[in-house]
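Participant: my questions are about this predicted structure, shown below with the sequence.
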Amino acid sequence: MFHSNTEKLIETWRTHRMGARLPARTDLSPIDLGPLLPQVFILGREGDGEETFRLSGGLIADLHGRDLRGASFYSLWSKLDRPQIAAAFARARSGAAPIVITVDAVSARGDVIGVELCLAPMIGPSGEADRTLGLYQPISTVARLMGAPIQRLGVRNVVLAVDASPRPRLRLVVDNTRRVA
């Protein structure tokens with residue numbers, strides 16, 4: 001189960017699919033994300049496969065100590081994790097579903113916080129899946145960083161969000177006075 005904000009982003013992404021394989025970037029309005037905007041980012045895939053920040057919210061800039069617009073998404077990761085991140089993008093696009101990466105975010109002083117990164121593929125102006133809607137959701141206390149910026153991200157876990165679709169709730173059924181779940 002993901003953080004409620006991660007679930008909200010995934011649900012917003014799903015509602016904008018409208019029967020399509022992936023939602024288009026133009027279908028999504030900032031109003032749809034409301035209070036999540038400081039945690040939201042959009043990536044654009046360049047011709048060489050590089051994922052570049054096109055937009056990043058205020059919380060993300062605060063956590064990294066800089067505005068990430070124009071920066072490479074891969075530059076945030078340790079070199080050992082970059083192939084796994086590239087595979088996660090490919091899996092999200094081929095599976096037409098968001099990916100949630102549980103991350104260790106490490107500051108310059110070595111302090112670590114947990115973060116859920118949700119990456120939801122979208123169709124860009126080219127008609128290709130070259131945009132990604134993302135969310136930074138801290139899952140541990142940001143105060144641990146004591147103002148030091150995040151220097152590097154490390155992968156803990158990667159989950160295709162379709163695997164975590166809402167589960168039906170159990171109901172109590174009575175059959176000849178016997179209770180059956």
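Facilitator: Looks like it came in fine.
Participant: tell me the mean pLDDT for stretch 7-15?
Facilitator: In this model, stretch 7-15 has an average pLDDT of 92.
Participant: what's next to it, contact-wise?
Facilitator: The contact list for stretch 7-15 (Cβ atoms under 8 Å, 6 or more residues apart in numbering) reads 2, 23, 28, 32-33, 36, 40, 98, 100, 118, 120, 122, 133, 135, 161. For the C-beta atoms, the positions are set from N, CA and C on the backbone; glycine is no exception.
Participant: tell me the buried residues in that stretch?
Facilitator: Across stretch 7-15, burial judged by 16 or more other Cβ atoms under 10 Å covers Glu7, Lys8, Leu9, Ile10, Thr12, Trp13, Arg14.
Participant: give me the subset of those lying in helices.
Facilitator: Glu7, Lys8, Leu9, Ile10, Thr12, Trp13, Arg14 (DSSP state H).
Participant: returning to what we had before: from the contacts of stretch 7-15, list the buried ones, please.
Facilitator: 2, 23, 28, 33, 36, 40, 98, 100, 118, 120, 122, 133, 135, 161.
Participant: can you pull the contacts of the first one?
Facilitator: Okay, so that is Phe2. Going by Cβ under 8 Å, 6+ apart, Phe2 touches Ile10, Val100, Glu116, Cys118, Gln137, Ala161, Ala164.
Participant: what bridges to the second one?
Facilitator: With DSSP bridges as the criterion, the beta-bridge partners of Val100 are Cys118, Val159.
Participant: ok, it - contacts?
Facilitator: By Cβ under 8 Å, 6+ apart, the neighbours of Val100 are Phe2, Thr6, Ile10, Glu116, Leu117, Cys118, Leu119, Val158, Val159, Ala161, Ala164.
Participant: which of the helices and strands in the chain ranks last by mean pLDDT?
Facilitator: Here the helix or strand of the chain ranked lowest by mean pLDDT, DSSP states H and E is strand 173-175, holding a mean of 54.
Participant: strands of the chain, start to end?
Facilitator: Counting by DSSP state E, one finds strands in the chain at the ranges 40-45, 51-56, 99-107, 112-122, 131-138, 150-160, 173-175, 178-180.
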